[in-house]
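Please find the sequence and the predicted model below.
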There are 2 protein chains.
Amino acid sequence: MAHKTEFLYLSEKDTIEAGVLNAEKCIDNAEEVFTLLSKGDYLMGGSNHNSHGLGLVFPKESPFPNMPVAGPDRRFVAMPAYLGGRFDVCGNKWYGSNAENPKKGLPRSVLTVTLNDKDTGEPLAFMSANLLSAARTGAVPGVAARHLARKDSEVITVLGCGQINRSCLRSIATQLPNLKKVICYDIFEAAAKKFLDWEKQELGIDGEVILDLEAAVKEADVITVAASRLKPLYVKDEWMKEGVTVLITGPMQTDDSFWMRSKLIYDNVRLHEAYVQEAVESGDIAGYYKGVIGGPIYTLIDAGKMPPLANSTSIGEVILGEKPGRQNDFERVTFVACGMATFDVGLGYDLYKTAVENGIGTMLTLWDDPYQK
Amino acid sequence: MAHKTEFLYLSEKDTIEAGVLNAEKCIDNAEEVFTLLSKGDYLMGGSNHNSHGLGLVFPKESPFPNMPVAGPDRRFVAMPAYLGGRFDVCGNKWYGSNAENPKKGLPRSVLTVTLNDKDTGEPLAFMSANLLSAARTGAVPGVAARHLARKDSEVITVLGCGQINRSCLRSIATQLPNLKKVICYDIFEAAAKKFLDWEKQELGIDGEVILDLEAAVKEADVITVAASRLKPLYVKDEWMKEGVTVLITGPMQTDDSFWMRSKLIYDNVRLHEAYVQEAVESGDIAGYYKGVIGGPIYTLIDAGKMPPLANSTSIGEVILGEKPGRQNDFERVTFVACGMATFDVGLGYDLYKTAVENGIGTMLTLWDDPYQK
């Protein structure tokens, strides 16, 4: 009997039609994924089930003139995952990044996601994943804002005015009913101004550009950090308000005292344990820590200055009511997220289902019947 | 200025039209890839540039009823690579396997390959990769037969009568001008008979089924090993002829004396060094070795009974004339291959180029202009 295999192709435009720009829906999706992470109903790569992904590491120099060499944001990464619950599907995100891309009219990263039947491995969908990835990245601090930020927060400061913080702000703003002001900070004034213009048009909230970092953060009720990996910001502990909520999506440097006195909530403690394990295996713990968002925290934990990861809280536990999140208006709460393929698979799956239900996308035939069985 | 991104989709049928079943062309392609591997003009995953890939490891048991659990050939793997030379392209193979698939009329593994611009990360092609992967897997021992087998070889023994050995035999046979007989061995008689029928029809060479392993290998000039990972064969040293060429694509067990007295040629010594490194990092060297084809060899090397990998020979060095291959008709030469994403990228690229030149496949639009830059 012939076994025909078809799958759905979704262009970027198709993913928009399927709802990828609907921030509230993407937050609901990410919240559901967080509860599955917390329960353990997922798998990522490797024997620890929590590898972030496998990248092509470009060498600093090469005897081969065509071989790509290390450069700003220059990498390719494959990120496989299985996600359980009602998703119950496998998938892989695969992307290439290059800081030179914008000069060519391209986004810094070009991403695709493949979804596969968990049992047979047959592809279900292949899709453009730039907006998907941005949406899930933004939705993660959106979930954190829903559960951790003071509901009376009026001022949000955006540290790093790039595409990632656009997604973050679009998402976080839906969770802050009293938001009155957006402060835009970037090391490049033009980027901050462009962000402010976009924000006013897209969200219609008042705002201003502040180029002095201390002034930019000191009145913030919420801070969203997604600055470039290349130039992480140093935000002094004393600059930040009591009761502030700091949502960390990109690297941030601060005083040890900030990490030690803030209530830290992780996206998924197991992921951070895997990072520490990979750091140990790499043979250069300090070097590895420099490359990951949680590095400064792991350093303090290793030094015995903060409680071990095993005793820490994942946001999924807060969502499920198993551990406390914010407990009063005065404590400072910091949320640290690193990006997991499970979110790409989760949101990709919902886009795929919406597309199937609404006839969006292009159905493609892998084979009418496999040539070899 | 708008930056439109398009890529080519190739179904399995399209890859046939583009030449994936042309064994001689696939061998030429693999030979070229081997020379690039030998020169070092490639990258695979990880900081050692030689990771085989990153897999989803299914747990032995799970509290979640839907989560896949470990089972025969049950895995998903992402295999990224950059390949230099005239290819100069990045790509990723992604597949899911399940020994239950044939019951559903599907091949054991379902594979796709994505090719990407090395600089921008834009997809160039997305293709069905079952035949591609089979062809490159078969082409590898084909290259080895071209350079290592006695040209007067008349008898080939096929150990393991599955899809992989079909590709291997189709490929190896093109390199043995005096081939007169194919001996088919499998632990399942029906599989061996089916293979013999296929071989007679496809290649038109005389053959027979021999179910006694000793009898099957003792008259062989060339042996191709691609038996199931689940039940590796034990082939005694004393059964094999002087001058035999053993082409190992799947695990084989034999006496230590065989490994120690055979001239061993590897597909790529660096890959095997990476396997050993990963075994050390896993914390369970013996357990890790059990899961990889080279395990019995690495064990002998670790025990000081065989020379270290660093002093060993890759077939690329033989092709380039840098190190000797077979030097007389009496020595036994064994070739060990493990599968590398570079071959998928190399062959995928040539299929893609052929498809573009001949108007094969379906052009798809990723975006007319990226929504976010």
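Yep, it's here.

got a list of contacts for the helix or strand encompassing A:Val217?
For A:Val217, the host element (DSSP states H and E) is helix A:213-218. The contact list for helix A:213-218 (CB atoms under 8 Å, 6 or more residues apart in numbering or on different chains) reads A:157, A:159, A:183, A:185, A:210, A:223, A:233-236, A:239-241. C-betas here are computed from N, CA, C, even on glycine.

Please repeat the previous calculation with a cut-off of 6 Å.
The contact list for helix A:213-218 (CB atoms under 6 Å, 6 or more residues apart in numbering or on different chains) reads A:Thr157, A:Ile183, A:Tyr185, A:Ile210, A:Val235, A:Trp239, A:Met240.

likewise stretch A:279-294?
Here stretch A:279-294 has contacts from A:Pro251, A:His272, A:Tyr275, A:Gly295, A:Tyr298, A:Thr299, A:Val336, A:Cys338, B:Glu281, using CB under 6 Å, 6+ apart.

what packs against the helix or strand that the helix holding A:Val217 is followed by?
The helix or strand immediately downstream of helix A:213-218 is strand A:222-225, counting by DSSP H and E. Under the contact definition 3 or more CB pairs under 6 Å, 6 or more residues apart in numbering or on different chains; DSSP states H and E, strand A:222-225 sits against strand A:155-159, helix A:163-173, strand A:245-248.

Output strand A:222-225 as PDB - backbone C-alpha positions only.
Coordinates of each C-alpha in strand A:222-225 appear next as PDB, following Å, rounded to 0.1, in the frame of the first residue of the first chain:
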ATOM      1  CA  VAL A 222      10.200  47.200  34.600                       C
ATOM      2  CA  ILE A 223      13.400  46.800  32.700                       C
ATOM      3  CA  THR A 224      13.700  44.700  29.600                       C
ATOM      4  CA  VAL A 225      17.300  43.800  28.700                       C
END
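
what's in contact with it?
A:141, A:149, A:153, A:156-159, A:165, A:168, A:172, A:245-248, A:250, A:252.

from the middle of its chain, how far away would the helix holding A:Val217 be?
24 Å (CA atoms, centre = their mean, to the nearest Å).

on that earlier part again, dump the contacts of stretch A:279-294 into JSON lines; add distance to B:Leu264 as well.
Converted to JSON lines, those look like this (distance: CB to CB, whole Å):
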{"residue": "A:Pro251", "distance to B:Leu264": "46"}
{"residue": "A:His272", "distance to B:Leu264": "42"}
{"residue": "A:Tyr275", "distance to B:Leu264": "38"}
{"residue": "A:Gly295", "distance to B:Leu264": "43"}
{"residue": "A:Tyr298", "distance to B:Leu264": "42"}
{"residue": "A:Thr299", "distance to B:Leu264": "45"}
{"residue": "A:Val336", "distance to B:Leu264": "49"}
{"residue": "A:Cys338", "distance to B:Leu264": "43"}
{"residue": "B:Glu281", "distance to B:Leu264": "24"}
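
ok, the residue of the stretch 251-373 of chain A found nearest chain B - contacts?
Residue of the stretch 251-373 of chain A nearest chain B, by CB to the nearest CB: A:Trp367 (4.2 Å). Residues near A:Trp367 by CB under 6 Å, 6+ apart: A:Thr5, B:Glu12.

and it, what are its bridge partners?
Taking DSSP bridges as the rule, A:Trp367 bridges to A:Thr5.

Around chain B, pick out the residues from the stretch 201-350 of chain A.
Taking CB under 6 Å from any CB of the partner chain, the part of the stretch 201-350 of chain A that reaches chain B is made up of A:Glu281.

chain center to the host helix or strand of A:Phe195, what's the gap?
Per DSSP H and E: A:Phe195 is located in helix A:189-203. Distance, stretch centre to chain centre, for helix A:189-203: 21 Å (CA atoms, centre = their mean).

just stretch A:250-259 next, same as before
Distance, centroid of stretch A:250-259 to centroid of chain: 18 Å (CA atoms, centre = their mean).

Start and end of that stretch, how far apart?
Separation of the first and last residues of stretch A:250-259 by CA to CA, to the nearest Å is 15 Å.

what's the neighbour count on the nearest residue to A:Thr245 once chain neighbours are set aside?
The shortest distance from A:Thr245 to any non-neighbouring residue, by CB to CB, 6 or more residues apart in numbering or on different chains, is to A:Ala149 (4.2 Å). For A:Ala149, the count of nearby residues is 26 (other CB atoms under 10 Å in any protein chain shown).

which residues does the residue of the stretch 101-250 of chain A found nearest chain B contact?
Residue of the stretch 101-250 of chain A nearest chain B, by CB to the nearest CB: A:Gly121 (2.1 Å). By CB under 6 Å, 6+ apart, A:Gly121 lies in contact with B:Gly96, B:Val110.
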